[in-house]
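Chemist: show me how the following folds:
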Amino acid sequence: MRILPSSVLKSLSRTAARLLIGAQAVAFGGGAASAPAMPAAGGQPSAKHLVMLYRKETDSSPNRLDPTVQATTLALEHEFLNRQYQITEPSAEAYRAMDQGPGVIVTFAPDAGMSMVYSVYASMRPEPGTEIAIAEVRIEARVFVGSTLLSAEQARGQIQTRTDPALQKYGEARGYEIAAQRAAVDLANRVNTRLSALGADELANLMAADKTEATSFVLVTPPDASPSASPAPAAPAQPPASPAAPDSSAGGPSPPAKRWLLTVGVSDYSKATGFVGAGTHDNDLPGTPTDVKNVQRTLKGFGFEDATTTQLFDRSATTGAVRAALERLATTAGTNDIAVLYISTHGMERNYGKAGMTMPVFYDTNVGADPNNLLDFAELVKLFSRIPAKQLIMFIDACHSGGAAKQMTTVAISMRSIDVVHSGGSPDIARVLTAAKGIRADIAVMSAARTDETALDLGPSVGGLFTSKLMTALTATRGATPLEEMYKNDVWSQVIEYCRKNPAGEPPCQHPVLGYGGAGNLIRFGAAAP
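Modeler: Predicted structure coming up:
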């Protein structure tokens, strides 16, 4: 923690008085107003915890070593400490990561409490015909509880200072310091008002929203086909079947009436923005066109007709188009149907989202945009699960398999610390399935790799390793094998076998993951094949 000593504050006040010429300083904020501390678990008052993180929003923004940024940070810490908050600061590694600029992703660990991510802007506005200028500091901040964006705040501080040659350098520096202090008072009042308005139950609910436990779904544990492979996630106890699950005593669910397929593929990443390599073709995925064709050709042999297939590829694979396609399926599919969603894209952490909750990178993805406009895998499965079909299957071939992934930096905020974390771009299936709680359909979600792994793109002749092996398995088994059995014997094992012979220079082994609810593990693609 850092606190502005009272002697420094008095010095700043005296400096402000010397710098004022004519009119009084302009300030857009009132005095400090303390708030009651949050009660601890035992009922005794305790200081509130606030994580503070400075973020350089644009390449031209000042870095954290800029004197005005430092003055602003010290003033903010002082104001929040006066309001009975405990301040958690970044680790040295996190500081270095954030210095990289706007391409850094910020996420929240499951135990993240109250956080404030802020940026600082300073300007000196001369008064025409005089040797006077207005020093202004503006702070823009996002306030979070858990991973929920509570509010976006803006605060300003201004002061007049002299610009004649004898005092210009000193006057500008001190003017920015005073303006920063006034802006900090303004912002602290605004943020404290927002946080103090939350009741204890509301705070607990917002923080609890980050806790995901896959108690209603099963994560399949495949056979350990490779001594060097890390163990797969342990599967929880088998839950009772969904109330609407069909009788599987005859070898699996009954045949669906209609088959729907939505494929989403992005090969061209020149229009995506907000990450390293954006605006170029450095992150293009050459195997994605092959993946999409392979999936459509294979599933067509199992009754997925052109009339019930929707393809979103490159320019058509935008965030809005994906949402719209899923919403259309929710109104057109029947209760005795099967729906398949296939995704072949890059994957990456969602900015200002939960740590470990990744998102596909669509054609128009803007990492720095309003976090509410980003579409992560949890929201995807939530939209997908609204389709009234009795069987839902989601295949995801996505990860940090390109240049963006290799250079992407993620900083995770928790109540205890702010640390740099590294993960792949594959979704955490337990978190994804949690978003589908409450549905009555049989559902299965299979991804190409674990959260901390990459997934291989083997180029235009083969496509993604996972997709290639998955479609080969469907063809070889003629779709007659239940999904879980096919995953264990024909997908997982074949991917591991390829990785065991991993060519030099390729990433480490990937491990496909399967999770399901109801009788999703018993779905067979060939149950109604022509």
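Chemist: any low-confidence regions in the stretch 51-200 of the chain?
Modeler: Within the stretch 51-200 of the chain, no stretch has pLDDT under 70.
Chemist: should've said the stretch 351-500 of the chain
Modeler: For the stretch 351-500 of the chain (pLDDT under 70), the answer is 400-407.
Chemist: ok, which stretches of it are helices?
Modeler: Secondary structure of the stretch 351-500 of the chain (DSSP state H, counting those that start in this stretch): helices located at 377-384, 403-407, 429-434, 465-477, 483-486, 493-500.
Chemist: so can I have TSV of the ones you listed showing distance to M359 and mean neighbour count?
Modeler: (C-beta placed from N, C-alpha, C; glycine too.) Putting the helices of the stretch 351-500 of the chain into TSV (distance: least, C-beta to C-beta, whole Å; neighbours: other C-beta atoms under 10 Å) gives the following:
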stretch	distance to M359	mean neighbour count
helix 377-384	6	23
helix 403-407	13	19
helix 429-434	11	24
helix 465-477	18	21
helix 483-486	25	20
helix 493-500	23	18
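Chemist: do you know which of the ones you listed lies nearest E93?
Modeler: E93 lies closest to helix 403-407 among the helices of the stretch 351-500 of the chain, at 16.4 Å (C-beta to C-beta).
Chemist: returning to what we had before: got the helices of the stretch 351-500 of the chain as TSV, with distance to T309 columns?
Modeler: Listed next are the helices of the stretch 351-500 of the chain as TSV, based on distance: least, C-beta to C-beta, whole Å:
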stretch	distance to T309
helix 377-384	16
helix 403-407	29
helix 429-434	23
helix 465-477	15
helix 483-486	20
helix 493-500	26
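Chemist: closest one to D370 among the ones you listed?
Modeler: Here helix 377-384 is closest among the helices of the stretch 351-500 of the chain (C-beta to C-beta), at 13.9 Å.
Chemist: which helices and strands sit right next to the closest one?
Modeler: helix 319-332, strand 338-349, strand 358-361, strand 391-399, helix 429-434 (3 or more C-beta pairs under 8 Å, 6 or more residues apart in numbering; DSSP states H and E).
Chemist: indicate which one of these is closest to G265.
Modeler: strand 338-349 (4.5 Å).
Chemist: can I get that closest one in CSV? Just the C-alpha atoms.
Modeler: In CSV, the C-alpha atoms belonging to strand 338-349 read as follows (Å, rounded to 0.1, in the frame of the first residue of the first chain):
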residue,chain,number,x,y,z
ILE,A,338,-31.2,-32.6,-33.1
ALA,A,339,-29.1,-29.5,-33.4
VAL,A,340,-25.4,-29.3,-34.0
LEU,A,341,-23.2,-26.2,-33.6
TYR,A,342,-19.7,-26.4,-35.0
ILE,A,343,-17.1,-23.7,-34.4
SER,A,344,-13.6,-23.4,-36.0
THR,A,345,-11.9,-20.1,-34.9
HIS,A,346,-9.2,-18.7,-32.8
GLY,A,347,-10.0,-18.7,-29.1
MET,A,348,-8.8,-16.2,-26.5
GLU,A,349,-9.6,-14.9,-23.0
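Chemist: that strand packs against which elements?
Modeler: strand 105-108, strand 259-265, helix 288-300, strand 358-361, helix 377-384, strand 391-399, helix 403-407.
Chemist: redo these as JSON lines? Include distance to K169.
Modeler: Formatted as JSON lines, the helices and strands packed on strand 338-349 follow (distance: least, C-beta to C-beta, whole Å):
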{"stretch": "strand 105-108", "distance to K169": "35"}
{"stretch": "strand 259-265", "distance to K169": "56"}
{"stretch": "helix 288-300", "distance to K169": "55"}
{"stretch": "strand 358-361", "distance to K169": "46"}
{"stretch": "helix 377-384", "distance to K169": "51"}
{"stretch": "strand 391-399", "distance to K169": "51"}
{"stretch": "helix 403-407", "distance to K169": "38"}
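Chemist: what is the burial count for T161?
Modeler: The tally of other residues near T161 (other C-beta atoms under 10 Å) stands at 28.
Chemist: helix, strand, or coil at it?
Modeler: strand (DSSP: H, G, I helix; E, B strand; the rest coil).
Chemist: on that earlier part again, please tabulate the helices and strands packed on helix 377-384 in TSV, including the columns distance to N372.
Modeler: Below are the helices and strands packed on helix 377-384 laid out as TSV (distance: least, C-beta to C-beta, whole Å):
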stretch	distance to N372
helix 319-332	11
strand 338-349	16
strand 358-361	13
strand 391-399	21
helix 429-434	18
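Chemist: out of these, flag the one nearest A257.
Modeler: The nearest among those, by C-beta to C-beta, is strand 338-349 at 8.6 Å.
Chemist: buried ones in the closest one, by neighbour count?
Modeler: Residues of strand 338-349 classed as buried: 338-349 (neighbour count, 16 or more other C-beta atoms under 10 Å).
Chemist: how about stretch 361-381?
Modeler: Quick answer for stretch 361-381 (16+ other C-beta under 10 Å): 361-368, 371, 374-381.
Chemist: could I get the contacting residues of the most centrally placed residue in the chain?
Modeler: Residue closest to the mean C-alpha point of the chain, counted by C-alpha atoms, centre = their mean, is R350 at 1.7 Å. Residues in contact with R350 (C-beta atoms under 8 Å, 6 or more residues apart in numbering) are 105, 107, 357-359, 371, 374, 376.
Chemist: of those, which pair is most distant in space?
Modeler: Every pair of the contacts of R350 checked by C-beta to C-beta; the farthest is T358 and P371, at 13.7 Å.
Chemist: hmm, back to that, closest to S216 among the contacts of R350?
Modeler: Among these, and counting by C-beta to C-beta, the member closest to S216 is M357, at 17.8 Å.
Chemist: so what's the closest one up against?
Modeler: M357 neighbours (C-beta under 8 Å, 6+ apart): 107, 349-350, 376-378, 427-428, 431.
Chemist: same question, V411
Modeler: 53, 90, 94, 97-98, 104-107, 418-421.
Chemist: at 10 Å what do you get?
Modeler: 53, 55, 90-91, 93-95, 97-98, 100, 104-107, 117, 349, 355, 418-421 (C-beta atoms under 10 Å, 6 or more residues apart in numbering).
Chemist: that older thread, and the contacts of M357 as TSV, adding distance to G199?
Modeler: Below are these laid out as TSV (distance: C-beta to C-beta, whole Å):
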residue	distance to G199
T107	26
E349	31
R350	28
D376	28
F377	32
A378	26
P427	33
D428	31
R431	27
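Chemist: which strands and helices sit next to the helix or strand A179 falls within?
Modeler: Assigned by DSSP states H and E, A179 belongs to helix 168-196. Packing partners of helix 168-196 (3 or more C-beta pairs under 10 Å, 6 or more residues apart in numbering; DSSP states H and E): helix 6-19, strand 48-54, helix 67-82, strand 85-88, strand 114-126, strand 132-145, strand 148-162.
Chemist: could you give the angle of the following helix or strand past that helix to helix 168-196?
Modeler: Of the helices and strands lying after helix 168-196 in sequence (DSSP H and E), the nearest is helix 200-208. With axes from the mean of the first three to the mean of the last three C-alpha atoms, to 10 degrees defining the directions, helix 200-208 sits at 110 degrees from helix 168-196.
Chemist: show residues contacting helix 200-208.
Modeler: 38-39, 48, 108, 110-114, 144-148, 150, 195, 198-199, 415.
Chemist: buried ones among these?
Modeler: 38, 48, 108, 110, 112-114, 144-147, 150, 195, 198, 415.
Chemist: P482: which of these is nearest?
Modeler: Taking C-beta to C-beta as the measure, P110 is the one of those closest to P482, at 33.2 Å.
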